[in-house]
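Colleague: When you get a sec, could you give me coordinates for this:
(2 chains)
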Protein chains: 2
Amino acid sequence: MAASEELRGGIDLGGTKIEAIVVDADNNVLGSARTATPNSGGPTEVAAAMAAVMREAATTAQLDVGQLAGVGAGSPGEVDQQTGTVTSARNLPGWEGSFPLAAKLEAELRVPVTIGNDVELATNAELLLGAGRPYSSLLGVFWGTGVGGGVVIDGKLWAGRGGAGEIGHMVVRQNGRECTCGRLGCLEAYAGRGALELRARKLHDEGQPTVLFELMHEHGRDRLSSSIWERALKAQDKLAHELIDRAVSALGAGIASAINLLDVEAVVIGGGLGVRFGQPYVDRIEAAMQPHLFASERPPQVHLAALGDLGGALGAALQTRARRAAAAGDSRA
Amino acid sequence: MAASEELRGGIDLGGTKIEAIVVDADNNVLGSARTATPNSGGPTEVAAAMAAVMREAATTAQLDVGQLAGVGAGSPGEVDQQTGTVTSARNLPGWEGSFPLAAKLEAELRVPVTIGNDVELATNAELLLGAGRPYSSLLGVFWGTGVGGGVVIDGKLWAGRGGAGEIGHMVVRQNGRECTCGRLGCLEAYAGRGALELRARKLHDEGQPTVLFELMHEHGRDRLSSSIWERALKAQDKLAHELIDRAVSALGAGIASAINLLDVEAVVIGGGLGVRFGQPYVDRIEAAMQPHLFASERPPQVHLAALGDLGGALGAALQTRARRAAAAGDSRA
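Modeller: Purely as a prediction, here's the structure:
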């Protein structure tokens, strides 16, 4: 195997931004780039933005995309790894049906592309390279535009029938707030960045004072990004604090519920808001879990994601290698 | 191995009743007996009642307990299979500390006794002999005095760090009703027979009319057993219907939350109330799950426990064999 074959790309498609990296055989990051996820258009525009940011990441590593042995991409929604299609990535614009993301990226980048579910890839990256390394069972919680989860049982990801890990749609309050998914009382309805923005807008429109939207305009954003929330919290904005407190409380109840069911060793908290807010908020979530833990005398370990913003992209790059290794094994068989 | 070695006993210690069976090598039930779980006293009284009902079951099979190769016992609480102790079986009288249940039963019965968690044993029985046979992943939900759960992943029980499956203490309503465990908003606070009885008593004391307590006295009971609830429902008792409707709704939300996290193939519903109310209520729970299922277009299969009341005792008897097989393997090693 030539040295260049060990260079791989990873793309993480999030609800807010797209992150791309180039890694070497030891998963050292040689280059990276990011861009905002398109707010309008549809999957074709999103795929084009993913390809562009992947090329940019290669450039920062002084490489051409064509030198990569393969590119992995993580996407929200239902991902079919075999066919390379993504269905119902609902935190993305106009992505209701099924879209051949892998084929589209291969056509753009002209290297082999594998795809996987973003949250599963990020959980796997934390398990293999990050905060999850000491454990053989854990729950990854990705607090961002939505609230995603990854379940590791007996040292490997548990995907169920393909859709496991939807911790954001565990019910924390029956007949509670309407979620962006249309259901009532989901964890994500109280904690997802998307839902928080809708809620803030509504309360602001109803006359509640907040600096959130001023900060958004000031910083040239068109949505309440994690950094805008962070700035509002630092500015002691009352509405921002109330909404984030409620989010932390919902996360505590939802994660504790998952622990009561699964009793895994550890929880790893990542995602756009999780990584941005960092350890102080991981501590707050851990405290919010405590009153709901059935085995409260032996709580799980709770960690901040060690790979930060890059977990998803690293997981995608890792998947590329895993897929290539499997294919090589097949060809020998 | 002599033929008699294939005869095994199984005891299921529930919050309401104790069930004992004798089975042959093919797990055919040769005899059975049951008794009410002592309402007072402590673990010593409970263990004596378990031994007595095991002897009675042997008698109905025209056997003596001494002819059994072993007896398995399922208990609520934290069960340590290695030391044979049970800790904090909180739906049982005076069982706060740790108690050497296996040793106590062996002293009484003079045969080898293994113990296991009641809900795990019942889930395993449904997986191997009951409604779970077609599946390699499932959730067992035991709707009785409490609400217990068993998680099967990749064809085997997942115990986590020893305490997995506490679906009854998943939060369905943050800051909601106080549970018998002392926490707020647990599924069990709305659906467990113990909590339902407390709630019915409170509302009755506050003046709400109900036939529940009349029926209880009429039938010589000292608690609202599953059969009393069934009679009250049949009598169109308004309070009983309201409380059971609320329980079904909470079960729907809690089980759907677990499915969103785990995406297992099937749900098997057993337990005292589950088995007593039967298929019509399994259908109602399935309907109550639907609005909360994230992958609502492919819900899991939902089944009534096929082994009925005997699941726990069968699971306990199965464990005896599994333990003996493991010991035989060890001795060959």
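Colleague: Skipping its backbone neighbours, what lies nearest the residue of the stretch 101-250 of chain A found nearest chain B in space?
Modeller: Going by Cβ to the nearest Cβ, chain B is nearest to A:Gly160 of the stretch 101-250 of chain A, at 2.5 Å. No exception for glycine: its C-beta is placed from N, CA and C like everyone else's. With sequence-adjacent residues excluded and distances taken as Cβ to Cβ, 6 or more residues apart in numbering or on different chains, A:Gly160 is closest to B:Asp263, at 2.5 Å.
Colleague: Burial check on the one you found, number of neighbours?
Modeller: Per other Cβ atoms under 10 Å in any protein chain shown, the neighbour tally for B:Asp263 reads 23.
Colleague: Does it touch A:Leu157 like I think?
Modeller: No. If you go by Cβ atoms under 8 Å, B:Asp263 and A:Leu157 don't touch, sitting 11.9 Å apart.
Colleague: What backbone torsions are found at the residue nearest to A:Asn91 when sequence neighbours are not counted?
Modeller: Nearest residue to A:Asn91 in three dimensions, chain neighbours excluded: A:Gly15, at 3.9 Å (Cβ to Cβ, 6+ apart). When read as degrees, to the nearest 10, the backbone of A:Gly15 gives phi -70, psi -20.
Colleague: how about A:Gly15, what does it touch?
Modeller: Applying Cβ atoms under 8 Å, 6 or more residues apart in numbering or on different chains to A:Gly15 gives the contacts A:37, A:76, A:91-92, A:144-146, A:193-194, A:272.
Colleague: Can you tell me which of the residues you listed is nearest B:Pro280?
Modeller: A:Gly146 (36.4 Å; Cβ to Cβ).
Colleague: Look up how far A:Val141 lies from the closest residue to the closest one other than its chain neighbours.
Modeller: Spatial nearest neighbour of A:Gly146, chain neighbours left out: A:Gly192 (4.7 Å); criterion: Cβ to Cβ, 6+ apart. A:Gly192 is 12 Å from A:Val141, where distance means Cβ to Cβ, to the nearest Å.
Colleague: so what sits against both of the two?
Modeller: With Cβ under 8 Å, 6+ apart as the test, A:Gly192 and A:Val141 both reach A:Val147.
Colleague: how many other residues sit next to A:Arg110?
Modeller: 12.
Colleague: Please verify my assumption that it contacts A:Gly66.
Modeller: Yes. Using Cβ under 8 Å, A:Arg110 makes contact with A:Gly66 at a distance of 6.2 Å.
Colleague: List only buried entries from the contacts of A:Gly15.
Modeller: For these, a burial check counting by 16 or more other Cβ atoms under 10 Å in any protein chain shown picks out A:37, A:76, A:91-92, A:144-146, A:193-194, A:272.
Colleague: Which of the residues you listed scores worst on pLDDT?
Modeller: Confidence by pLDDT is poorest for A:Asn91 among the buried ones among the contacts of A:Gly15, given 70.
Colleague: State the distance from it to chain B.
Modeller: Remark: distance between A:Asn91 and chain B (Cβ to the nearest Cβ, to the nearest Å) = 13 Å.
Colleague: that older thread, what about the buried ones among the contacts of A:Gly15, which are in helices?
Modeller: A:193-194, A:272 (DSSP state H).
Colleague: ok, back up a step: I'd like the contacts of A:Gly15 written out as a markdown table, with distance to B:Tyr281 added.
Modeller: Shown next, in a markdown table, are those (distance: Cβ to Cβ, whole Å):
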| residue | distance to B:Tyr281 |
| --- | --- |
| A:Thr37 | 45 |
| A:Pro76 | 36 |
| A:Asn91 | 36 |
| A:Leu92 | 40 |
| A:Gly144 | 39 |
| A:Thr145 | 38 |
| A:Gly146 | 33 |
| A:Arg193 | 39 |
| A:Gly194 | 36 |
| A:Gly272 | 42 |
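Colleague: Poorly predicted segments of chain A, please.
Modeller: Residue ranges of chain A with pLDDT under 70: A:1-5, A:322-333.
Colleague: what are the ranges of the helices in chain A?
Modeller: Using DSSP H, helices in chain A cover A:43-60, A:101-109, A:118-129, A:187-191, A:193-205, A:212-218, A:226-234, A:238-262, A:271-277, A:279-289, A:311-332.
Colleague: Could you give me the buried positions within the first one?
Modeller: Buried positions in helix A:43-60, judged by neighbour count with 16+ other Cβ under 10 Å: A:43, A:45-47, A:49-51, A:53-58.
Colleague: Tell me the one of those nearest chain B?
Modeller: Using Cβ to the nearest Cβ, A:Pro43 comes nearest to chain B of the buried residues of helix A:43-60, at 20.0 Å.
Colleague: could the buried residues of helix A:43-60 be laid out in TSV, adding distance to A:Cys186?
Modeller: Shown next, in TSV, are the buried residues of helix A:43-60 (distance: Cβ to Cβ, whole Å):
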residue	distance to A:Cys186
A:Pro43	24
A:Glu45	28
A:Val46	24
A:Ala47	28
A:Ala49	28
A:Met50	28
A:Ala51	33
A:Val53	30
A:Met54	33
A:Arg55	37
A:Glu56	35
A:Ala57	34
A:Ala58	38
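Colleague: still on that earlier bit, and which of the contacts of A:Gly15 is nearest B:Ala164?
Modeller: Closest to B:Ala164, out of all of the contacts of A:Gly15 and judged by Cβ to Cβ, is A:Gly146, at 25.5 Å.
Colleague: mind listing what that closest one touches?
Modeller: Contacts of A:Gly146 (Cβ under 8 Å, 6+ apart): A:15, A:76, A:91, A:168, A:180, A:188, A:192-194.
Colleague: same check, this time on A:Ala235
Modeller: Residues in contact with A:Ala235 (Cβ under 8 Å, 6+ apart) are A:211, A:215.
Colleague: Quick one: name the residues of the stretch 1-150 of chain A near chain B.
Modeller: A:137, A:149 (Cβ under 8 Å from any Cβ of the partner chain).
Colleague: Which phi and psi values does the closest residue to chain B within the stretch 201-333 of chain A adopt?
Modeller: As assessed by Cβ to the nearest Cβ, chain B sits closest to A:Asp263 within the stretch 201-333 of chain A, at 2.5 Å. For A:Asp263, the backbone dihedrals (degrees, to the nearest 10) come out as phi 50, psi 40.
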